[in-house]
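Asker: generate coordinates for the sequence data below:
(one chain, ligands or ions: 1)
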Amino acid sequence: MPDPLGIHDLSFATTEYVLPHTALAAHNGTDVAKYHIGIGQESMSVPAADEDIVTMAAAAAAPIITRHGSSQIRTVVLATESSIDQAKSAGVWVHSLLGLPSATRVVELKQACYGATAALQFAIGLIRRDPTQHVLVIASDISKYDADSPGEATQGAAAVAMLVSTNPALATIEDPSGLFTADVMDFWRPNYRDTALVDGQESINAYLQAVEGTWKDYTEQGGHKLDEFAAFCYHQPFTKMAYKAHRHLLNYNERDTDKHTIEQALAQTTTYNNVVGNSYTASVYLALAALLDQADDLTGRPIGLFSYGSGSVAEFFAATPTPGYRHHLRTQANRDAITRRTPLDYPAYLALHEHTLPTDGGNHHTPTQTTGPYRLSGLNNHKRIYETR
Ligand code: CAA
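Answerer: As a prediction, this is how the structure comes out:
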């Protein structure tokens, strides 16, 4: 029997600032209950002018390198849908900031919010070929919609870094996976825009179709029965979506959809996303972090993960916590990443939202705002310049 494969370590980082939904509601006259209850969001992470997907990715991954070193890392896969360059992988800057060995392959992967799950499966395939290597998978994203659009309340930003290896300390990733792809235009971002376009209702319908499609394939591939799962981590563009998704899955399986059953399956998976907002590729892994940080012992109990990327590609699979996993969690650091953020008022948030980097190729410095370990210090001749603080 081959050694189990999966997540050996998991670390999360988010931004310097946070906008409470109370401030957004006061600005646009919305009843705040629509945000708190209707979509299930309390606040959203907002990046400082000198933060981006690279600084968040490096901040998420640095504690993993401190704990495990980098000598076994042969591959870095960075998944994002808020990419900063059409050619160079954001992971190469992260590789440099972390001081990783030159004998490393680094690549960026994209398929909307699904990209990190593709990266995880890619990592598993590589480790099957060479079980001595570790793969660093990083999901890093900034979710941004136009101000005063319906999507604005579902913004957010975060990075999750995962070390993937044999005999993982946190959770094994199991076969089979349930897969689903459908060509839909529910959410997209053309190359000339820095805010996403979305057909809100279409995106919710497409997501629910994907839940059904992946589950059908998962059961046909011989996966676990529904009742065998201890909890379900869904991609959470807003946390209420996980509730819609799980109710849909239960209905599809002709199961009881009482509130208590659904709460039990989901409540502990939503606490980080509820205050961070949509972190696209990182979202489902942030749900997993929240669950592992809060739940009683889940050793040996399968957790269902549903990863959805608009456009659309989705995957349903199981992760099973390994004996002793609770000793390897980063619960305090994860909570600190959330509580250290500075709240913004609406005008300060809007100024950051509308802030764009100059495109004239000149020498520009970004204001020092972040207190995180890495910052984007500026641009020179169209080149991004990063520094370790
Ligand atoms: N008190 C309590 N609840 C209230 C309320 C109040 N005062 N007012 C409204 N609500 C409820 C509504 O009943 C509704 O709940 P249900 O969906 O359960 O009926 C909910 O609040 C939202 O209300 P609306 O549908 O009227 O809100 P909206 O028109 O502003 O749009 C949205 C909501 C479509 C999610 C919008 O925020 C959006 O477009 N977001 C971006 C797209 C998105 O996240 N799609 C998710 C699937 S796609 C995906 O997952 C990929 C990805 O990451 C983007």
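Asker: which one is the closest residue to the ligand within the stretch 51-200 of the chain nearest to, not counting chain neighbours?
Answerer: Residue nearest to the ligand within the stretch 51-200 of the chain: G200 (2.7 Å; Cβ to the nearest ligand atom). Heads up, the C-betas are built off the backbone N, CA and C, glycines and all. Distances taken as Cβ to Cβ, 6 or more residues apart in numbering place P150 nearest to G200, at 5.5 Å, with adjacent residues excluded.
Asker: would it be right to say that L19 lies in a helix?
Answerer: No. Counting by DSSP: H, G, I helix; E, B strand; the rest coil, L19 is not found in a helix; it is strand.
Asker: show me the contacts for the closest residue to it other than its chain neighbours.
Answerer: In space, L19 comes closest to Y349 once its chain neighbours are excluded; the distance is 4.5 Å by Cβ to Cβ, 6+ apart. Contacts for Y349 were tallied using Cβ atoms under 8 Å, 6 or more residues apart in numbering; they are 17, 19, 23, 46.
Asker: pLDDT score for Y349?
Answerer: The model reports Y349 with a pLDDT of 98.
Asker: tell me the SS of it?
Answerer: helix.
Asker: how much space between it and S279?
Answerer: According to Cβ to Cβ, to the nearest Å, Y349 stands 17 Å off from S279.
Asker: tell me the residue of the protein that sits nearest the ligand?
Answerer: G38 (2.1 Å).
Asker: what count of nearby residues applies to that residue?
Answerer: As a burial measure, G38 scores 14 neighbours (other Cβ atoms under 10 Å).
Asker: kindly report the same for P101.
Answerer: 11.
Asker: for it, which non-adjacent residue is spatially closest?
Answerer: S70 is the one closest to P101 (Cβ to Cβ, 6+ apart), at 6.1 Å.
Asker: same check, this time on N381
Answerer: In this structure, N381 finds its nearest non-sequential neighbour in G361, 5.7 Å apart by Cβ to Cβ, 6+ apart.
Asker: paired strands for the helix or strand where S140 lies, with orientation please.
Answerer: Assigning secondary structure by DSSP states H and E places S140 in strand 134-143. If you go by DSSP bridges, strand 134-143 pairs up with strand 73-79 (parallel), strand 156-166 (antiparallel).
Asker: whether it contacts the ligand - can you check?
Answerer: No. Judged by Cβ under 6 Å from any ligand atom, strand 134-143 makes no contact with the ligand; its nearest approach is 6.9 Å.
Asker: how far off centre is that strand?
Answerer: Put simply, strand 134-143 sits 8 Å off its chain's centre (Cα atoms, centre = their mean, to the nearest Å).
Asker: give me the mean pLDDT for it.
Answerer: Rounded mean pLDDT across strand 134-143 is 98.
Asker: name the SS class of E212, please.
Answerer: At E212, secondary structure determined by three-state DSSP is helix.
Asker: isn't it up against Y252?
Answerer: Yes. If you go by Cβ atoms under 8 Å, E212 and Y252 touch, sitting 5.5 Å apart.
Asker: tell me, what's touching those two both at once?
Answerer: In contact with both E212 and Y252: no residue, using Cβ under 8 Å, 6+ apart.
Asker: so which residues of the stretch 1-150 of the chain form helices?
Answerer: Remark: helices assigned in the stretch 1-150 of the chain by DSSP state H, counting those that start in this stretch are 21-28, 32-33, 53-68, 90-97, 115-129.
Asker: with just CA atoms, put the third one into CSV.
Answerer: Listed next in CSV are the C-alpha coordinates belonging to helix 53-68 (Å, rounded to 0.1, in the frame of the first residue of the first chain):
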residue,chain,number,x,y,z
ILE,A,53,-1.0,38.7,-4.0
VAL,A,54,2.7,38.3,-3.8
THR,A,55,3.1,39.9,-0.3
MET,A,56,0.2,37.9,1.0
ALA,A,57,1.5,34.6,-0.5
ALA,A,58,4.9,35.1,1.0
ALA,A,59,3.5,36.0,4.4
ALA,A,60,1.3,32.9,4.3
ALA,A,61,4.2,30.6,3.3
ALA,A,62,7.0,32.0,5.4
PRO,A,63,6.0,30.2,8.7
ILE,A,64,5.9,26.9,6.7
ILE,A,65,9.5,27.5,5.6
THR,A,66,10.5,28.4,9.2
ARG,A,67,9.0,25.2,10.5
HIS,A,68,10.1,22.7,7.8
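Asker: the ligand contacts on the chain?
Answerer: Looking at the ligand, the residues of the chain close enough under Cβ under 6 Å from any ligand atom are 31, 33-34, 37-39, 113, 150-151, 153-154, 186-187, 198, 200, 203-204, 207, 235, 237-238, 241, 278, 280, 308, 310.
Asker: just the buried residues from those, in ChimeraX please.
Answerer: Selection command for ChimeraX covering only the buried members of the residues of the chain next to the ligand, criterion 16 or more other Cβ atoms under 10 Å:
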select :39,113,151,153,154,186,187,198,203,204,207,235,237,238,241,278,280,308,310
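Asker: wait, M185 sits on D199?
Answerer: Yes. Look at M185 against D199 with Cβ under 8 Å: they come within range, at 7.0 Å.
Asker: list the buried ones in stretch 92-103?
Answerer: Within stretch 92-103, the residues scored as buried using 16+ other Cβ under 10 Å are 92-95, 97-98, 100.
Asker: and it, what's its mean pLDDT?
Answerer: Averaging pLDDT along stretch 92-103 gives 98.
Asker: go on, stretch 16-26?
Answerer: 98.
Asker: just give me how far that stretch sits from the chain centre.
Answerer: 20 Å.
Asker: same deal with stretch 101-114?
Answerer: Chain-centre distance of stretch 101-114: 15 Å, with Cα atoms, centre = their mean.
Asker: neighbouring contacts of that stretch?
Answerer: Contact partners of stretch 101-114, identified using Cβ under 8 Å, 6+ apart, comprise 70-71, 73-81, 83, 89-92, 94-95, 115-116, 118-119, 122, 141, 187, 235, 237, 280-281, 283-284, 307-315.
Asker: using CSV, list the CA coordinates for it.
Answerer: Extracted in CSV, the C-alpha atoms of stretch 101-114 (Å, rounded to 0.1, in the frame of the first residue of the first chain):
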residue,chain,number,x,y,z
PRO,A,101,16.6,27.0,-3.6
SER,A,102,17.2,27.7,-7.3
ALA,A,103,16.6,24.0,-8.0
THR,A,104,12.8,24.6,-7.8
ARG,A,105,10.1,24.6,-10.5
VAL,A,106,7.7,27.5,-10.0
VAL,A,107,4.4,27.9,-11.9
GLU,A,108,1.1,29.9,-11.7
LEU,A,109,-2.2,28.2,-12.2
LYS,A,110,-5.6,29.7,-13.1
GLN,A,111,-9.2,28.6,-13.3
ALA,A,112,-11.0,31.2,-11.2
CYS,A,113,-11.5,30.1,-7.6
TYR,A,114,-10.8,26.4,-8.5
